[in-house]
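Chemist: using only what follows, build the 3D model:
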Amino acid sequence: MATIRDVAKLANVSVATVSRVLNGTAKVSDAAREAVLKARNELGFHLNANAKALAKQGSDTIGVLVSEVTDPYFATMVKASEEVAHQDGKMLFVTQGFHDEEREIRAINSLVSHQCACLVVHALAIPDVILTQYMQDYPFMVLVNRILTGFEDRCVNINNSRGMYLIVKELVKAGCRKIAFVNSAHHILDAEERFAGFCVALREGGLEINPELILHEQPSLEGGNAAAEKLLAKRGEFDAVACYNDAIASAILARFIRAGIKIPDEVSITGFDDLPQSTCLNPPLTTITNPIAQMGRCAAELSLALYKHQDYKLPEFKTEVVRRESVRTR
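Modeler: Below you'll find the model as predicted:
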């Protein structure tokens, strides 16, 4: 049986580096990571073979990894997954990754070491090569909000690009011509896809993409407040703001109103996710549905079905425009 020293020797790195790569406890170079993973695959080595066996054996626990449980979006996902676990007589073990590669890796390892029977994972920072290894090692692991080549049947996802495209088209149809975009500051697939949808909608509408009106902030109320202050310094240069999510949009809308900006007469604002708070704003937020409750529920059901060797057909998760009052009408 291969040992960690065998992996280190084949990869031409130290044992400590192998441990860091496989546990995600510290940053290493891309070259070192690739060498370690290649050696690991060649040797069939698993850092915690006992934990892997326990995960396959199963327990009364479903493991869930989200970015941050205090975020209403992820709280909704956790609640939906917990309902499935409860119905199956299982408990939920929740960890957080904060869109950070090392923390996401440590979180998955923690779920495995706690003998979780099933894994529902929202991890956007882990590179494909590492995530692929996890998916190969743990056949009951299901991904949320990510498509991984070769494991599409275990991925629960929406079309983020199309969702943002649809909502920005609403702004274009409403006559908005100088549209700002506040994206997530995290280097994650969601952010890339939503920005791509934003760009397509603008180009189709014959509008220019102004780099000065593209901002990157934390996908939170705090991030929205920071974006609002930067946008207020550019007041008059834009007539609409498309936001990465409802949290950012909510904060911007509230701050603009305090600054005396009339929403939507002067500036239109859109969100993404259709969280309950969107209806409580004044004016209520125009946004895009993101069926995270359904996705969280289906991800847990799929993981359980895989564990029990049962068939399960994932439904299509659609994004639709929810028209309220934060976008002007022509």
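
Chemist: buried sites along stretch 111-129?
Modeler: Across stretch 111-129, burial judged by 16 or more other CB atoms under 10 Å covers 111-112, 115-126. Every C-beta, even on glycine, is put in place using the N, C-alpha and C of the backbone.

Chemist: after the lowest-mean-pLDDT helix or strand in the chain, which helix or strand is next?
Modeler: Here the helix or strand of the chain ranked lowest by mean pLDDT, DSSP states H and E is helix 49-57, holding a mean of 50. Counting by DSSP states H and E, the next helix or strand C-terminal to helix 49-57 is strand 61-66.

Chemist: what about the helix or strand just after that next one, average pLDDT?
Modeler: Next helix or strand after strand 61-66 toward the C-terminus (DSSP H and E): helix 72-87. Average pLDDT, helix 72-87: 96.

Chemist: for helix 72-87, packing partners?
Modeler: In terms of contacts (3 or more CB pairs under 8 Å, 6 or more residues apart in numbering; DSSP states H and E), helix 72-87 is packed against strand 61-66, strand 91-96, helix 292-307.

Chemist: residue contacts, A123?
Modeler: Counting by CB atoms under 8 Å, 6 or more residues apart in numbering, A123 touches L65, G97, E104, A107, I108, L131, L143, R146.

Chemist: most widely separated two among these?
Modeler: Taking CB to CB as the measure, the contacts of A123 span a maximum distance of 14.8 Å, between A107 and R146.

Chemist: would you mind telling me which of these two has more residues around it?
Modeler: A107 (24 against 19; other CB atoms under 10 Å).

Chemist: surely that one and L65 touch.
Modeler: Yes: shown here, A107 and L65 form a contact pair, counting by CB atoms under 8 Å, at 4.9 Å.

Chemist: overlap of the contact sets of the two?
Modeler: Common neighbours of A107 and L65, counting by CB under 8 Å, 6+ apart, are T95, Q96, G97, A123.

Chemist: out of those, who's nearest T319?
Modeler: Taking the shared contacts of A107 and L65 together and measuring to T319 by CB to CB, the closest member is A123, at 21.3 Å.

Chemist: which residue packs closest to the closest one, ignoring adjacent ones?
Modeler: Take A123 and drop its neighbours on the chain: the residue closest to it by CB to CB, 6 or more residues apart in numbering is E104, 4.3 Å away.

Chemist: chain center to the strand or helix carrying that neighbour: distance?
Modeler: Taking DSSP H and E as the definition, E104 sits inside helix 101-113. Here helix 101-113 is found 16 Å from its chain centre; the criterion is CA atoms, centre = their mean, to the nearest Å.

Chemist: other SSEs contacting the helix or strand following that helix?
Modeler: Later in the chain than helix 101-113, the nearest helix or strand by DSSP H and E is strand 118-121. Counting by 3+ CB pairs under 8 Å, 6+ apart, the packing neighbours recorded for strand 118-121 are strand 61-66, helix 101-113, strand 141-144, helix 292-307.
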